[in-house]
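Visitor: what's the 3D shape of this:
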Amino acid sequence: MRVLLSTIGSRGDIQPLVALALQLKTLGQEIHLCVPPDFCDWIESLGMSVTPIGPELQSTGKVSPSAAINPTPEQRQQMMEGTIATQFETIAVAARGCDMIVGATALQIATPSIAEKMGIPYVFAAYCPAVLPSPRHAPPVLTLLGDQPAPAMTDYSGLWAQDAQRWNDHWSSILNKQRTKLGLAPLNDVRSHILTNQPWLAADPTLAPWFDLADQTVFQTGAWIVPDDRPLSRELEMFLDAGEPPVYFGFGSTRVSADLSQVMIQTARAIGLRAIVYRGWADLLLVDNEPDCLSIGEVNQQVLFKRVAAVVHHGGAGTTTAAAQAGVPQVVISQHYDQYYWAQRVHQLGIGTAHPPVPPTTDSLTIALDRTLKPDVVARAQSVATEVRSDGAQVAAQRLIS
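Guide: Have a look, this model is predicted:
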């Protein structure tokens, strides 16, 4: 069987699909991926073919003080139309000869229509429960559209109804125009079309359970994790060996301002700990050359996180899961989409602290880290680690070929 795995986004969106791809390859399936060009060399080095889609994304991690972060409505409309046209053209080519398509992230607007036109199965996978409608939780927070985290409610159905309407308002005319070109009927419920009526949830059931257990339409596989056997660099090993476990600060591909480095390092020093700063797509740099701080690039989190005192991060699904699996307490500074959900779960599980959803100051981050490093939180993080599974990609691969 030839399977196309397709997504658009940062490394946190691509890496789980690579985990699934590797499992499918082990089971003798022919795999092709369609992802942004930033990740093509990595995927090809793993022995899999790939079709690039869209522009490189890494430059979006930096925030220029003079740049407008939010596009105008006209600019946003042009970007949306261009994105959908590119998806229909590129994914259709990538899917030729495939027997099935797996799409991840809700930005896969074109993928289910292409599968429908080809007459082949389509599976949508979410990496977080908050992506899938349920009265038990709020929809993802789209800060670019002015969203704010929802207050606590007993029933979020009203917010999900608004979310469905926004999907239609933003995407229906663009999507239906492309569907007409393919000879497909127009849609009146875009969100249901994208998410499908039987979505998969590629998230750990301890960290992110699907609360509606009676809802058999959602299949929870567990998180899709790429096994990582890369050694740490000699420089990093020497730094770790030179003192007490440091605090890891990393924000992945998230847009953050350059002054965040100063806040992070001042915070570590305020509580008497050393700091490791992951440069990430924002290219965060150290504020001085003191020996208590180290700047690093891409790293094996599965190994590093077991050797740090705490992980301070943006709340991506992958980083949250990696920290939980390592048994290290964490501070989540959420900014958009599903990050608020992960911050909430870290707090609810008692394995760390949800920083208020505002830019951190030295004082606020010091308070959050002091709370996170308390013995009971550390012990709870170590306990929860024993419950986090690592076989999600295997479960999904077996289900796909069964």
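Visitor: mind checking pLDDT for Lys117?
Guide: Per-residue pLDDT puts Lys117 at 97.
Visitor: tell me the secondary structure for it?
Guide: Under DSSP: H, G, I helix; E, B strand; the rest coil, Lys117 falls in the helix class.
Visitor: Which SSE is immediately downstream of the lowest-mean-pLDDT helix or strand in the chain?
Guide: Within the chain, no helix or strand scores below helix 73-94, which has a mean of 87 by mean pLDDT, DSSP states H and E. Heading C-terminal from helix 73-94, the first helix or strand you meet, by DSSP states H and E, is strand 100-104.
Visitor: Please work out how many residues are found near the nearest residue to Ala208 once chain neighbours are set aside.
Guide: In space, and not counting its chain neighbours, Ala208 is closest to Pro129: 5.3 Å by C-beta to C-beta, 6 or more residues apart in numbering. C-beta here means a position set from N, CA and C on the backbone, and glycine is covered the same way. For Pro129, the count of nearby residues is 22 (other C-beta atoms under 10 Å).
Visitor: burial measure for Pro135, as a count.
Guide: Pro135: 15 neighbours (other C-beta under 10 Å).
Visitor: Validate this expectation: it resides in a strand.
Guide: No - in this structure, Pro135 is coil, not part of a strand, as judged by three-state DSSP.
Visitor: one step back: alpha carbons only: can I get the least confident helix or strand of the chain in CSV?
Guide: Extracted in CSV, the C-alpha atoms of helix 73-94 (Å, rounded to 0.1, in the frame of the first residue of the first chain):
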residue,chain,number,x,y,z
PRO,A,73,-8.1,41.4,6.3
GLU,A,74,-7.3,41.9,2.6
GLN,A,75,-3.8,40.5,3.1
ARG,A,76,-5.2,37.6,5.0
GLN,A,77,-7.8,36.8,2.3
GLN,A,78,-5.1,36.9,-0.4
MET,A,79,-2.9,34.5,1.7
MET,A,80,-5.8,32.1,2.2
GLU,A,81,-6.7,32.0,-1.5
GLY,A,82,-3.0,31.4,-2.4
THR,A,83,-2.6,28.8,0.2
ILE,A,84,-5.6,26.8,-0.9
ALA,A,85,-4.7,27.0,-4.6
THR,A,86,-1.2,25.7,-3.7
GLN,A,87,-2.6,22.9,-1.7
PHE,A,88,-4.9,21.7,-4.4
GLU,A,89,-2.2,21.8,-7.0
THR,A,90,0.7,20.3,-4.9
ILE,A,91,-1.1,17.7,-2.9
ALA,A,92,-3.0,16.4,-5.9
VAL,A,93,0.4,15.7,-7.6
ALA,A,94,1.9,14.2,-4.4
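Visitor: could you say what helices and strands it packs with?
Guide: The contact analysis (3 or more C-beta pairs under 8 Å, 6 or more residues apart in numbering; DSSP states H and E) places helix 73-94 against strand 2-7, strand 30-35, strand 49-52, helix 111-118, helix 157-181.
Visitor: returning to what we had before: pop out the phi and psi values for the residue nearest to Ala208.
Guide: In terms of degrees, to the nearest 10, the main-chain angles of Pro129 are phi -60, psi -30.
Visitor: who touches it in this structure?
Guide: His137, Leu201, Ala203, Ala208, Pro209, Trp210, Phe211, Tyr341 (C-beta atoms under 8 Å, 6 or more residues apart in numbering).
Visitor: was I right about the first one contacting Ala130?
Guide: Yes - in this structure His137 lies within contact range of Ala130 using C-beta atoms under 8 Å: 5.5 Å.
Visitor: So which of the contacts of Pro129 wins on neighbours?
Guide: Ala203 (31 neighbours).
Visitor: Now do the SS call for it.
Guide: coil.
Visitor: Please apply the same query to Ala125.
Guide: Classified using three-state DSSP, Ala125 is strand.
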